[in-house]
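Chemist: Using only what follows, build the 3D model:
(chains A and B)
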Protein chains: 2
Amino acid sequence: MTAYSATVTVRLKEGVLDPEAETTQRALERLGFELDSLSSADQFEIELDADSEERARERVTEMTERLLANPTLHDYEVSLQQR
Amino acid sequence: MTAYSATVTVRLKEGVLDPEAETTQRALERLGFELDSLSSADQFEIELDADSEERARERVTEMTERLLANPTLHDYEVSLQQR
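Modeler: Alright, predicted model coming up:
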């Protein structure tokens, strides 16, 4: 078994409204900052043991699809590193 | 002016409790997944124009310290790319 560390980034699909990000952008503008856009994403860092990188990636992808992301609303990326 | 894209990752400092991440980890375990740990972070993607990479980084760092992160609770990282 090898120890892996996975980073899962879950963001809203293009076109899905994100009122929280809009509010944050407006608050920054009210503070005097100039920016073109702001979007937000959730990141999960998961440590797990697996027989191979492929198995680790499969399991993290399954965790993401079952619980961490909603495939109707979100896109996600999984990146893996050996610990 | 050059167009930059900044990624700000805001995570709880070591030792600060994260009940949401604990609940997520427990929910995954209840679904039958084995994992050693799970932590979560907020990620912001900010697009802005600036005269130089240094100026862009300064502005994004100031936005983070004034609004996106609470220095008592959070650590943060800023990474920058030219668009």
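Chemist: So which residues on chain A come close to chain B?
Modeler: For chain A, the contact set with chain B under C-beta under 8 Å from any C-beta of the partner chain comprises A:3, A:9, A:21, A:24, A:27-28, A:31, A:33-49, A:59, A:62-63, A:66-68. (C-beta placed from N, C-alpha, C; glycine too.)
Chemist: Buried only: go through those residues for me.
Modeler: A:9, A:21, A:24, A:28, A:33, A:35, A:38-44, A:46, A:48, A:59, A:63, A:68 (16 or more other C-beta atoms under 10 Å in any protein chain shown).
Chemist: Which of those fall within strands?
Modeler: A:T9, A:L38, A:S39, A:S40, A:A41, A:D42, A:Q43, A:F44, A:I46, A:L48 (DSSP state E).
Chemist: ok, the fifth one - contacts?
Modeler: With contact taken as C-beta atoms under 8 Å, 6 or more residues apart in numbering or on different chains, A:A41 is in contact with A:T9, A:V10, A:R11, A:L12, B:D42, B:Q43, B:F44, B:E45.
Chemist: Out of the residues you listed, which comes closest to B:T72?
Modeler: Using C-beta to C-beta, the shortest approach to B:T72 within the contacts of A:A41 belongs to B:D42, at 15.7 Å.
Chemist: Give me the neighbour count for the nearest residue to that closest one once chain neighbours are set aside.
Modeler: Nearest residue to B:D42, sequence neighbours excluded (C-beta to C-beta, 6 or more residues apart in numbering or on different chains): B:V10, at 4.6 Å. The number of residues packed around B:V10, counting by other C-beta atoms under 10 Å in any protein chain shown, is 19.
Chemist: Just confirm B:V10 contacts B:T64, I think it does.
Modeler: Yes: between B:V10 and B:T64 a contact is recorded at 7.2 Å, counting by C-beta atoms under 8 Å.
Chemist: what residues are shared contacts of those two?
Modeler: Shared contacts of B:V10 and B:T64, counting by C-beta under 8 Å, 6+ apart, come down to B:Y76.
Chemist: so what pLDDT did A:T72 get?
Modeler: A:T72 is assigned a predicted lDDT (pLDDT) of 94.
Chemist: Then it would be within a helix, right?
Modeler: No: per DSSP: H, G, I helix; E, B strand; the rest coil, A:T72 lies outside any helix segment and is coil.
Chemist: Can you give the distance of stretch A:38-56 from its chain's centre?
Modeler: With C-alpha atoms, centre = their mean, to the nearest Å as the basis, stretch A:38-56 stands 9 Å off its chain's centre.
Chemist: Nothing else from me, thank you.
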